[in-house]
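> Could you work out the structure for the sequence below:
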Amino acid sequence: MRTCITERRAGRIRDVLAKRQTDLTLVINNIHDPHNVSAILRSCDAFGIHRVHLLYTDTAFPALGKKSSGSAKKWVETTRHPDAASLASSLKGQGFALVATSFSETARPLQEWDLTGKVAIILGNEHRGVDEELAPYVDGALYIPMQGMVQSLNVSVAAAVILYEGFRQRLAAGCYDAPCLPPEEFDRLAAAWEQK
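All right, here's what the predicted structure looks like:
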């Protein structure tokens, strides 16, 4: 266990925590490839996402290698949910809108979504997409407009594109200018991170 860190590292930890976004999150829904999950967590860390939600109902959560995740799993909190109803109840109880990634006729382009509010984006399984059990709880769907012959992206790439759009909107709205975390939680996390 580390007991002392440099002033520079302590400052870096506090700077990163000050930009963590608590009201934009992802739901990782039965994504089975560990490389995809690791890449998603790296993007979450890069764009300041504080927590992601895990919904694994028919697929085991993959074992993530330290090297492939770049240790991002240390810096992004995860919350597991046993089923779609409990996930929806938890997130909607906190005021989140649930938005699925989808190619449905009712899906709207990513850039038309306001990602500055409380939004949880659901990323579905690599082959099946978002589980049908989530459909009754979803508030809308988004898609990433593309200009090529192939009309889909790898799920981890899609996550990065979505999070970058969220980052762009939030930066313009000043969401990174003041900490989202309550002071007591901020201090608790800073102390915990200093031990990692």
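
> Chain neighbours aside, what residue packs nearest to residue 40?
residue 159 (4.6 Å; CB to CB, 6 or more residues apart in numbering). (Each C-beta comes from the backbone N, C-alpha and C, glycine too.)

> Equivalent analysis for residue 153, please.
Excluding the flanking residues, the one nearest residue 153 by CB to CB, 6+ apart is residue 144, at 6.4 Å.

> Quickly note the distance from the one you found to residue 136.
Note on residue 144: its distance to residue 136, by CB to CB, to the nearest Å, is 24 Å.

> one step back: for the residue nearest to residue 40, grab phi and psi.
phi -60, psi -40 (degrees, to the nearest 10).

> Same question for the one 10 residues further on.
Main-chain dihedrals, residue 169, degrees, to the nearest 10: phi -60, psi -40.

> quick one: the strands in the chain?
Per DSSP state E, the chain carries strands over the ranges 24-29, 51-55, 77-81, 97-101, 108-109, 119-123, 140-143.

> what packs against the last one?
Same thing as strand 140-143. strand 97-101, strand 108-109 (3 or more CB pairs under 8 Å, 6 or more residues apart in numbering; DSSP states H and E).

> Could I get the contacting residues of residue 99?
113, 119, 120, 121, 122, 138, 139, 140, 141, 142 (CB atoms under 8 Å, 6 or more residues apart in numbering).

> Neighbours of the residue nearest to residue 153, how many?
18 (other CB atoms under 10 Å).

> Surely it is in contact with residue 111?
No - taking contacts as CB atoms under 8 Å, residue 144 lies outside contact range of residue 111: 9.1 Å.

> out of the helices and strands packed on strand 140-143, which comes closest to residue 10?
The closest of the helices and strands packed on strand 140-143 to residue 10 is strand 97-101. By CB to CB, the value is 35.9 Å.

> still on that earlier bit, got the strands of the chain as JSON lines, with distance to residue 186 columns?
Output for the strands of the chain, formatted as JSON lines (distance: least, CB to CB, whole Å):
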{"stretch": "strand 24-29", "distance to residue 186": "18"}
{"stretch": "strand 51-55", "distance to residue 186": "14"}
{"stretch": "strand 77-81", "distance to residue 186": "13"}
{"stretch": "strand 97-101", "distance to residue 186": "25"}
{"stretch": "strand 108-109", "distance to residue 186": "34"}
{"stretch": "strand 119-123", "distance to residue 186": "22"}
{"stretch": "strand 140-143", "distance to residue 186": "31"}
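
> would you turn these into JSON lines with mean pLDDT and distance to residue 8?
Putting the strands of the chain into JSON lines (pLDDT from 0 to 100; distance: least, CB to CB, whole Å) gives the following:
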{"stretch": "strand 24-29", "mean pLDDT": "98", "distance to residue 8": "28"}
{"stretch": "strand 51-55", "mean pLDDT": "97", "distance to residue 8": "26"}
{"stretch": "strand 77-81", "mean pLDDT": "96", "distance to residue 8": "24"}
{"stretch": "strand 97-101", "mean pLDDT": "98", "distance to residue 8": "38"}
{"stretch": "strand 108-109", "mean pLDDT": "97", "distance to residue 8": "42"}
{"stretch": "strand 119-123", "mean pLDDT": "98", "distance to residue 8": "34"}
{"stretch": "strand 140-143", "mean pLDDT": "97", "distance to residue 8": "39"}
